[in-house]
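Engineer: Everything below, folded, please.
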Amino acid sequence: MNLEYAERLGIQVLSWLAADNDDLLGQFLGMTGIAADDLRTRSQDPEFLGFVLDFLLTDDAMVMAFCEDMNVSADQPMLARTSLPGGEVPDWA
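Structural biologist: Residues are numbered from 1 along each chain as shown. Just a heads-up that it's a prediction; the model follows:
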């Protein structure tokens, strides 16, 4: 997966969180300590988008709901996360 697609998916997740009725965006903001006013600026930062994907990936049901709502295959969020800063998969070999 290329960086551009990973960033675009991260932005989609952020938009999806903001549109959610269960206040997932509020939970995300509470966990990160980021002010809602900073979201627009921070959404241009690949590292921040990695945090957004990390939050999504904490809950399988949330991942499935996002993927279903956005018509994205279920492996895309994890693949996107590995393409953004801090998401490298360690080589244990």
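
Engineer: Run through who's touching whichever strand or helix holds R40.
Structural biologist: R40 is part of helix 39-42 when elements are defined by DSSP states H and E. For helix 39-42, the surrounding residues in contact (CB atoms under 8 Å, 6 or more residues apart in numbering) are 14, 18, 34, 48. Backbone N, C-alpha and C define where each C-beta goes, glycine included.

Engineer: residues of it that come out buried?
Structural biologist: Buried residues in helix 39-42, counted by 16 or more other CB atoms under 10 Å: 39, 42.

Engineer: Enumerate every residue touching the residue most central in space within the chain.
Structural biologist: Central residue of the chain (CA atoms, centre = their mean): L53, 2.3 Å from the mean position. If you count contacts by CB under 8 Å, 6+ apart, L53 has them with 9-10, 13, 77, 80-81, 84, 87.

Engineer: one more time with 7 Å
Structural biologist: 10, 13, 77, 80-81, 84 (CB atoms under 7 Å, 6 or more residues apart in numbering).

Engineer: Tell me the first helix or strand C-terminal of the helix holding R40.
Structural biologist: helix 46-56.

Engineer: What are the buried residues along that next one?
Structural biologist: By neighbour count on 16+ other CB under 10 Å, the buried set for helix 46-56 is 48-56.

Engineer: Would you format the residues you listed as a markdown table with distance to D23 and pLDDT included?
Structural biologist: Below are the buried residues of helix 46-56 laid out as a markdown table (distance: CB to CB, whole Å; pLDDT from 0 to 100):
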| residue | distance to D23 | pLDDT |
| --- | --- | --- |
| F48 | 20 | 93 |
| L49 | 20 | 95 |
| G50 | 22 | 94 |
| F51 | 18 | 93 |
| V52 | 16 | 95 |
| L53 | 19 | 95 |
| D54 | 18 | 94 |
| F55 | 13 | 94 |
| L56 | 15 | 96 |
